[in-house]
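In: Pasting the sequence and the predicted coordinates here, then a few questions.
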Number of protein chains: 2
Amino acid sequence: MNIIKYPTVSEYKKICERPHFDATQLNKVVCGILDDVRCRGDIAVREYCEKFDKACIEDLLVTNAEIEEAYDSVALELRDAIILAHKNIKEFHESQRFESKPVETAPGVVCWQKSVSIEKVGLYIPGGTAPLFSTVLMLATPAKIAGCKEIVLCTPPDREGKVNPAVLVAAKVAGVSKIFKIGGVQAIGAMAYGTESVPKVYKIFGPGNQYVMAAKQQVSLSDVAIDMPAGPSEVCVVADETSNAEFVAADLLSQAEHGVDSQVILICTSEDKVNEVQAEVARQLALLPRKEIAAKTLENSQFVLVEDTHAAMDLSNAYAPEHLIICTKDYNELAGMVVNAGSVFLGEYACESAGDYASGTNHTLPTHGYATTYSGVNLDSYNRKVTFQHLTEEGVRSIGRAVEVMAENEHLDAHRNAMTVRRVKVEGM
Amino acid sequence: MNIIKYPTVSEYKKICERPHFDATQLNKVVCGILDDVRCRGDIAVREYCEKFDKACIEDLLVTNAEIEEAYDSVALELRDAIILAHKNIKEFHESQRFESKPVETAPGVVCWQKSVSIEKVGLYIPGGTAPLFSTVLMLATPAKIAGCKEIVLCTPPDREGKVNPAVLVAAKVAGVSKIFKIGGVQAIGAMAYGTESVPKVYKIFGPGNQYVMAAKQQVSLSDVAIDMPAGPSEVCVVADETSNAEFVAADLLSQAEHGVDSQVILICTSEDKVNEVQAEVARQLALLPRKEIAAKTLENSQFVLVEDTHAAMDLSNAYAPEHLIICTKDYNELAGMVVNAGSVFLGEYACESAGDYASGTNHTLPTHGYATTYSGVNLDSYNRKVTFQHLTEEGVRSIGRAVEVMAENEHLDAHRNAMTVRRVKVEGM
C-alpha cells in the first residue's frame, strides 16, 4: 500500500486518479456479435452460447419446473437469507415512491408530475465462479415495485446448460417475469433488439465483464437506455483515532478481494491508527482464501494521512467513491458533508457488506468518479416522470400574453398563434 | 397529410416509425474538433469560433457590463414575459424537491436517501435566427433550485461577437454563473474537458444541431453525462367530435413550423372532425410566415382515425410522443391512461406553446420514442440521490447472519469476514 502523508489540495487529483480502460478496443468484436444477434436472433444467440459458454441450449427460457427445482435444492439457511434481504430491499425501495403534488403556478394553470414505470426492463447477471444472486435482488426488487410489466433476466448457463439455483431463487423471490440462459454480449444484444424468444426491453441494468460493458455502451447509443457507465468497484474508508482497526482492515479487504482492479483508499487523521490498520490487514490477509487477489489490489491501495476529518471529507468528495465508510467519532457531522459518493456507511457497525447484501440499500452504484453525476440504482431508475398541465379560461388570461410575446421573439409565429386563437375565444380579442 | 383509417394494432408500428438519422457519419469531424479542444483549449475554441461563427472573440466570457446592457436593451414587455415564465417554472420545479424519509428496514438498521446537486453543469443554447431564450429558463432554473454551484452556459456569438440580449436576460433572471460566447462542437468540448476559460462540468444539457448532438453523444461515452438522447420535435393530438378544430389545427401547425423533420400526428375518433381540422390547417397555413417549412412537415404528418378514445390512447402510448395534447371531452379519464409521453396538455386551452414557454413545466423532453424510457428535464436531472445507512449493535444482530450466509454463497470470504468481526464483538461469537 502507498502511504501518503498530509497531501495538499493540489495533490488530490493524483490520489483520485483511476486506471483508464478504453472499451473502444473491444468495439469491433462487440459490434460484430450485436449485429449478428440483431439480424439472426435466437440462432445467433445459441451459436454464441455454444462458442463462449460451451453449452448447447435448445430452450433459452428457464422453465417453471427448473425454478421450482432450484427453490427446493438451495439450503434453507440461504433461502431464508435471500428472503430477509429481499424484505429489507423492498421496504427501502418502497419508501422511495413518488407522490404527485399538483401546483397552481398561475391562476388557472395547474401542473403536476406523474411517475410511470418503464414498461420493459432487462437485467443482466454475470455467471462465473461467484453467482451474483444478490444483484438479482438489487435489480429486480425495485423493478417489481415500480410496476414494470416485463422484467427480463439474462444470465449465462454452465456447461450442463443450468443456471445457478440461488440466482433462480432470488429471481423468483424478487418477481422476475422471464429468465433466459444467455450470457455475454449476445444477452445484451438479445434484450436490446429482441429475438424470437427474448422480448426487446427499453432499459438494461446490471454488471458484467468488459465485453458486456462495451456492449451496453454500444446499444445505449441508439437502442436502449442503460443503468449507468461502469468501472471497477471501490471503497473509501474515513477513520480517526477512535476507529476499530480490525473492522477497518476487514472492510478494506472485502473490497480488495473483488479483483485486482478494485480501488481501496483509507483516509485517516491518526498515524498510529494507520499503522494499526496496516498490521491488521497483514494478519487478516493471511487467512483469506482469495489472498492473492486481495494482496495484489492492496499493492495499489492508498492510505492517506490528513490533518482532520474536514480535510478527509474534502479528499473523499474529490475522489467520489462508490462506497464510503465513515467510522469516525463525528460520523454524524461528516455525513452532512458528503457531496460525492454512491452509498455511505455510518458508524463502526455499518460495514460495506451490510449494504452489499441486506440492509436494504442498493448495491448497484456509480464507480470511477461517476458518483459526481449519477445516482446508484433506485426506484427512480425504473420510472419516468411524465408532466401534465391543465389550463382553464383563467389560465389563458394569466399566461396567454406572455406566451405570445415570447413566441414572437423566438420568431415562432405558429406557436404564438396557438395561444392567440384561444385568447380570441376567451378574451374576445 | 396521410390519412389512415381504423388501423389494426399490427399497423401501429408503421405509424409510429421515426426517420432514422445516423449521427455516426458525423463522428469523424466531431471527434476531430473535440480532440483539438481537449488538447489546445481556448486557442482551439477561438479558431473554430472564427471558422464557423465568423467571429473573432478575444474574451470568451460575457461580461457583467454586457449583461446589464442587454437587460436595458430588451423591450419591457419581453422582460416581463421572461420574468413571469421564470416565476412559474421556478414554482413548479421547486415543488419537485425531494424529502428524505429514513426507514428502519430491520431493528437497528436505518437507511435513507439524500438528494445532492451535481456540482457543475453546462447548458448549451443554439444560436441562429431564433434565439432560444426560453430554453435558457428551462435549463438554468432547475439547476439553480437544485443548488448546482457552477452553472455554465455556452451559446454562439453573432458575427459582431455579440450574444442575443434576450438570451442574456433569461440567463441573468435564471441565475447562470458564467456565460461563454462559444457555439457548436467546440462548446460541448470546452464544457466536457474544461479549458483555460471554461470550467469542466459533470453534465451537459440542451438542444443543438446534428453536430452538437453527435458531440454530446461522444463526450457522454467517457467524460460527462448528458440530459438525454436527441431527435426532432414531435406532437400528438388526441381529439374527438367535441374538439375545437381551429385550436387543433393551430397546435399541429405550431409543431410543424419547427423544421421539416418535425413529427405531427392527429389521432381522432370523428371523421367529420378530421375533415374540419384539415380545412382549418389549410386556412391557417396560408397566413404563416414560415408556411414553406410547415407545409413540408405536414406532407409527412399522419391523421389517424380510430374507433374510440381508448384506441387513441393505445396508439399514442405506442408512439410515445414528446408532446401529447388530449382535447377530448373525456380528457381527465384519458390522462390516467398515459404511459409513454414527455409532457401532456389537457383540455382545450392547454396548447403546447403554453408549456413551451410559461405554464411552468419543462420543455426539454424526450423525442424519437425515448419517452418510453426517459423523463423530460426536471429537478432530478440536476441531483443525485446518495444512500446512507446506519447500523447499531442490534442491527448487526438483525441482519448479520444473513449477510454472512449470502457472502459465503457468493464465495466472497472477506465480505463475510467484515460482518463476522462485528458479530464477534456484538454477540461474542
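Out: Happy to help now that I have it. Residues are numbered from 1 along each chain as shown, chains lettered A, B, ... in the order given.
In: how about stretch A:420-429: buried residues?
Out: The neighbour-count check on stretch A:420-429 (16 or more other CB atoms under 10 Å in any protein chain shown) flags A:420-423, A:425-426 as buried. Quick note: C-beta positions are derived from backbone N, CA and C, even for glycine.
In: can you check stretch A:23-30 too?
Out: Buried-residue list, stretch A:23-30, by 16+ other CB under 10 Å: A:23, A:26, A:30.
In: Give me the mean pLDDT for it.
Out: Mean per-residue pLDDT for stretch A:23-30: 86.
In: outside of that stretch, which residues touch it?
Out: Residues outside stretch A:23-30 that contact it (CB atoms under 8 Å, 6 or more residues apart in numbering or on different chains) are A:185, A:210-211, A:213-215, A:217-218.
In: Pull up the distance across that stretch, start to finish.
Out: 10 Å (CA to CA, to the nearest Å).
In: Enumerate the residues of the stretch 51-200 of chain A near chain B.
Out: Contact residues, the stretch 51-200 of chain A versus chain B (CB under 8 Å from any CB of the partner chain): A:77-78, A:80-82, A:84-85, A:87-88, A:91-92, A:95-96, A:101, A:103, A:105-106, A:109, A:111, A:113-114, A:116, A:118-119, A:129-134, A:166.
In: Can I get the buried ones among these as something I can paste into ChimeraX?
Out: This is how ChimeraX selects the buried members of those, with burial counted by 16+ other CB under 10 Å:
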select /A:78,81,82,84,85,87,88,91,92,95,96,103,105,106,109,111,113,114,116,118,119,130,131,132,133,134,166
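In: ok so, going back, from the contacts of stretch A:23-30, which ones fall inside strands?
Out: Of the contacts of stretch A:23-30, none are assigned to strands by DSSP state E.
In: ok, and the most crowded of these?
Out: A:Ala215 (31 neighbours; other CB atoms under 10 Å in any protein chain shown).
In: Report whether A:Asn362 is found in a helix, as I expect.
Out: No. Read with DSSP: H, G, I helix; E, B strand; the rest coil, A:Asn362 is coil and lies in no helix.
In: What separation is there between it and B:Ala23?
Out: 32 Å (CB to CB, to the nearest Å).
In: what does A:Ala130 give?
Out: A:Ala130 sits 39 Å away from B:Ala23, going by CB to CB.
In: same thing with A:Tyr374?
Out: A:Tyr374 is 23 Å from B:Ala23, by CB to CB.
In: what about the strands in the stretch 151-300 of chain A?
Out: A:178-181, A:203-205, A:225-226, A:234-239, A:263-268 (DSSP state E, counting those that start in this stretch).
In: end to end, how far does stretch A:233-253 reach?
Out: Note: stretch A:233-253 ends 13 Å apart using CA to CA.
In: what does stretch A:299-319 give?
Out: 19 Å.
In: For that stretch, list every residue counted as buried.
Out: A:301-306, A:309, A:311-319.
In: just to revisit the earlier point, let's see which of the residues of the stretch 51-200 of chain A next to chain B end up in strands.
Out: Counting by DSSP E, these contribute A:103, A:105-106, A:109, A:111, A:113-114, A:116 to strands.
In: Next, give me the two most distant ones among the residues you listed.
Out: Using CB to CB, these span at most 25.6 Å, a distance reached by A:Ala106 and A:Val116.
In: ok, A:Cys31 touching A:Gln218?
Out: Yes. In this structure A:Cys31 lies within contact range of A:Gln218 using CB atoms under 8 Å: 6.1 Å.
In: how's chain A carved up into domains?
Out: Per automatic domain parsing, the structural domains of chain A span A:24-100+A:117-226, A:231-375, A:392-427.
In: Out of those, which is closest to B:Ala65?
Out: Nearest to B:Ala65, of these and by CB to CB, is domain A:392-427 at 22.8 Å.
In: Check whether the closest one comes near chain B.
Out: Yes. For domain A:392-427, a contact with chain B is found by CB under 8 Å from any CB, at A:392-393, A:395-396, A:399, A:401-403, A:405-407, A:409-422, A:425-426.
In: Nearest the middle, which residue of chain A would you pick?
Out: Closest residue to the average C-alpha location of chain A: A:Thr364 at 3.0 Å, with CA atoms, centre = their mean.
In: measure that one to chain B for me?
Out: 11 Å (CB to the nearest CB, to the nearest Å).
In: Excluding sequence neighbours, find me the nearest residue to that residue.
Out: Of all residues not flanking A:Thr364 in the chain, A:Val377 sits nearest, at 4.0 Å (CB to CB, 6 or more residues apart in numbering or on different chains).
In: Surely the one you found is in contact with A:Asn362?
Out: Yes. Assessed by CB under 8 Å, A:Val377 is found in contact with A:Asn362 at 4.7 Å.
In: Could you tell me which residues touch both of these two?
Out: A:138, A:142.
In: Out of those two, name the residue with the larger neighbour count.
Out: A:Asn362 (29 against 25).
In: who's in contact with that one?
Out: With CB under 8 Å, 6+ apart, A:Asn362 has these contacts: A:89, A:93, A:138, A:142, A:343, A:376-378, B:387.
In: go on, A:Ser115?
Out: Applying CB under 8 Å, 6+ apart, the residues near A:Ser115 are A:97-98, A:100, A:383-385.
In: Please pick the buried ones from these.
Out: Here, 16+ other CB under 10 Å leaves A:98, A:383-385 buried among the contacts of A:Ser115.
In: Put together JSON lines for those, with pLDDT on each row.
Out: Formatted as JSON lines, those follow (pLDDT from 0 to 100):
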{"residue": "A:Phe98", "pLDDT": "93"}
{"residue": "A:Asn383", "pLDDT": "98"}
{"residue": "A:Arg384", "pLDDT": "97"}
{"residue": "A:Lys385", "pLDDT": "97"}
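In: which ones among the residues you listed are found in strands?
Out: Those of the buried ones among the contacts of A:Ser115 lying in strands (DSSP E): A:383-385.
In: List, out of these, those positioned next to chain B.
Out: A:384-385.
In: right, and out of the ones in strands among the buried ones among the contacts of A:Ser115, which lies closest to B:Leu61?
Out: B:Leu61 lies nearest to A:Lys385 out of these, by CB to CB, at 34.5 Å.
In: Report the separation between that closest one and A:Ser115.
Out: 6 Å.
In: go on, A:Ile326?
Out: Applying CB to CB to A:Ile326 and A:Ser115 gives a distance of 32 Å.
In: Same question for A:Ala170.
Out: Distance from A:Ala170 to A:Ser115, by CB to CB: 26 Å.
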